[in-house]
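>>> got a predicted structure plus its sequence, pasted below:
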Amino acid sequence: MKRRSYAAMTLALLALAAGAGASTPADPLESPMWEAHAKLLFGNDPVRFDPRVKVDFPQIAENQRSFPVAIDARAIPGVRRIVLMADLNPIPIAVDYRPTDSEAYLATRIKLDQRTPVRGAVQLASGEWLVSGGWIDAAGGGCSTPPVSRVKGDWADHLGEIRGEAWPVAGPVDASRLRLNFRHPMDTGLVDAIPTYHLERLTVSDAAGRELGRMEIWASVAEDPAITLIPHAAAGDMLAVDARDTNGRDYHAALAVARQSPLPR
C-alpha cells in the first residue's frame, strides 16, 4: 500500500465514496465509510464477506487508547495479505501485513476515536479479498489525545526498547508464536504541537535472512505497540526483527524460539 498523508487519504476516501460503483458488496454492518474504504483498499479486486476471517475483540472498548484485536485466517488457504482497519477512525488503517512464510494470524492493539466497525480483510493468492468484523462501542478520543509517555515526559528515555519472546506451537508445520513489544509514542499528528511520529515498517526474518513476514504500520496502532505473529520457525531457531519509524530510526532485535511452549499441548 502506497503511504500517503492522512489528509490526502481522507480526500481520497470522500472522492471514492461519491463514485463508488455497484460492484462493491453491500455492507452487513451498514458503515457510512464502507464503500469508500472498499474502493481505496481493494480497487477492482473481487470482495466478499466471509465469516472464516475471525476478528476477535472485546465488545466494549474499556480503554480507547489501547484496544486489542486479533485476526485469525488460518482456516483459509492461500492468504497473502492481512489488513486491520477501523472504518470511522481518522486514520482508518492500522496494519497491512504480508505473512510471507507465516501463518495467517495477526494480533495487536489499536486506538479508537469513536464507535466504529473494526474489520479484518485478507487477500488470497487469486487476488480476491475476504472481509469480516463488527461494531465496537468506544467513548472516543483515542487518536486525538496525547500518549501517556508524552504526558509523563519520559518517552525519549525508552524510545526504541524492544522486548520479544517466541514459543513453538503445535500444528502440521513448524511454527512459533512471536510476541513483540516496542516502546514508541505512536503519535497520530492529531494532538496540538505533537507531529506525526510512529513505527512504519516491520520485518521478521530467519537466521539466514529469509523473510518470514513484513508489515506496514500506521499511527492508529496503540502507543508502545504489542504485536503477535506466528512465523514458520521451529524450537531453537533464531528470529531477526527489523523495524523503522517515520523519523528514519531503525530498530533491531534477535531472539531464539524457546525449546518448549509455556502452555500444555
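It's in. Residues are numbered from 1 along each chain as shown.
>>> helices and strands of the chain: which one bottoms out on pLDDT?
Within the chain, no helix or strand scores below helix 6-19, which has a mean of 47 by mean pLDDT, DSSP states H and E.
>>> right, and the helix or strand after that helix?
Once the chain leaves helix 6-19, the next helix or strand it forms, by DSSP states H and E, is helix 34-42.
>>> give me the residues contacting the helix or strand following that next one.
Downstream of helix 34-42, the first helix or strand assigned by DSSP H and E is strand 47-49. Strand 47-49 is contacted by residues Thr24, Pro25, Pro28, Ala38, Glu128, Trp129, Leu130, Val131, Ser132 when judged by Cβ atoms under 8 Å, 6 or more residues apart in numbering. In this view, the C-beta of every residue, glycine as well, is placed from N, C-alpha and C.
>>> strand 47-49 - what's its average pLDDT?
Computed over strand 47-49, the mean pLDDT rounds to 97.
>>> just checking: what are the partner strands of that strand?
Here strand 47-49 has these sheet partners by DSSP bridges: strand 129-136 (parallel).
>>> and the partner strand, what's buried?
Residues of strand 129-136 classed as buried: Trp129, Leu130, Val131, Ser132, Gly133, Ile136 (neighbour count, 16 or more other Cβ atoms under 10 Å).
>>> cool, stretch 41-57 as well?
Leu41, Phe42, Val47, Phe49, Val53, Val55, Phe57.
>>> most widely separated two among the contacts of strand 47-49?
Pro28 and Glu128 (17.8 Å; Cβ to Cβ).
>>> which helix or which strand is home to Arg150?
helix 148-152.
>>> residues in contact with that helix: which ones?
With Cβ under 8 Å, 6+ apart, helix 148-152 has contacts from Arg65, Trp155, His158, Arg183, Pro185, Asp187, Val191, Ile194, Glu223, Asp224.
>>> check stretch 161-173 too.
Under Cβ under 8 Å, 6+ apart, the answer for stretch 161-173 is 103, 174-183, 230, 232-235, 239, 241, 251, 253, 255-263, 265.
>>> pLDDT score assigned to the closest residue to Gln64 other than its chain neighbours?
Counting by Cβ to Cβ, 6 or more residues apart in numbering, Gly142 is the residue found nearest to Gln64 once chain neighbours are left out, at 3.7 Å. Confidence at Gly142, expressed as pLDDT, is 84.
>>> residues touching Gly142, list them.
Ala61, Gln64, Arg65, Ser66, Phe67, Ile110, Lys111, Leu112, Asp113.
>>> next step: those residues restricted to strands.
Phe67, Ile110 (DSSP state E).
>>> need the max-distance pair from the contacts of Gly142.
That would be Ser66 and Asp113, which, of the contacts of Gly142, are the farthest apart (Cβ to Cβ) at 13.1 Å.
>>> what about these two, which has more around it?
Per other Cβ atoms under 10 Å, whichever of Ser66 and Asp113 has more neighbours is Asp113, with 23 against 20.
>>> centroid residue for the chain?
Centroid-nearest residue in the chain, with Cα atoms, centre = their mean: Val95, separated by 2.8 Å.
>>> just the buried ones from the contacts of helix 148-152, in PyMOL syntax?
For the buried members of those, the matching PyMOL selection, counting by 16+ other Cβ under 10 Å, is:
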select buried, resi 65+155+183+185+187+223+224
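>>> any chance of the contacts of helix 148-152 in TSV, plus secondary structure?
Putting the contacts of helix 148-152 into TSV (DSSP: H, G, I helix; E, B strand; the rest coil) gives the following:
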residue	secondary structure
Arg65	coil
Trp155	helix
His158	helix
Arg183	coil
Pro185	coil
Asp187	strand
Val191	strand
Ile194	strand
Glu223	coil
Asp224	coil
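>>> where's Thr246 relative to Asp27, distance?
Thr246 sits at a distance of 31 Å from Asp27 (criterion: Cβ to Cβ, to the nearest Å).
>>> now do the host helix or strand of Ile82 and helix 34-42, the angle between them.
Assigned by DSSP H and E, Ile82 belongs to strand 79-86. When axes from the mean of the first three to the mean of the last three Cα atoms, to 10 degrees is applied, the directions of strand 79-86 and helix 34-42 differ by 140 degrees.
>>> contacts for the next helix or strand after strand 79-86?
Toward the C-terminus, strand 79-86 is succeeded by strand 93-98 as the next helix or strand (DSSP H and E). Strand 93-98 is contacted from outside by 1, 41, 69, 80-86, 106, 108, 110, 213-218, 220-221, 229, using Cβ under 8 Å, 6+ apart.
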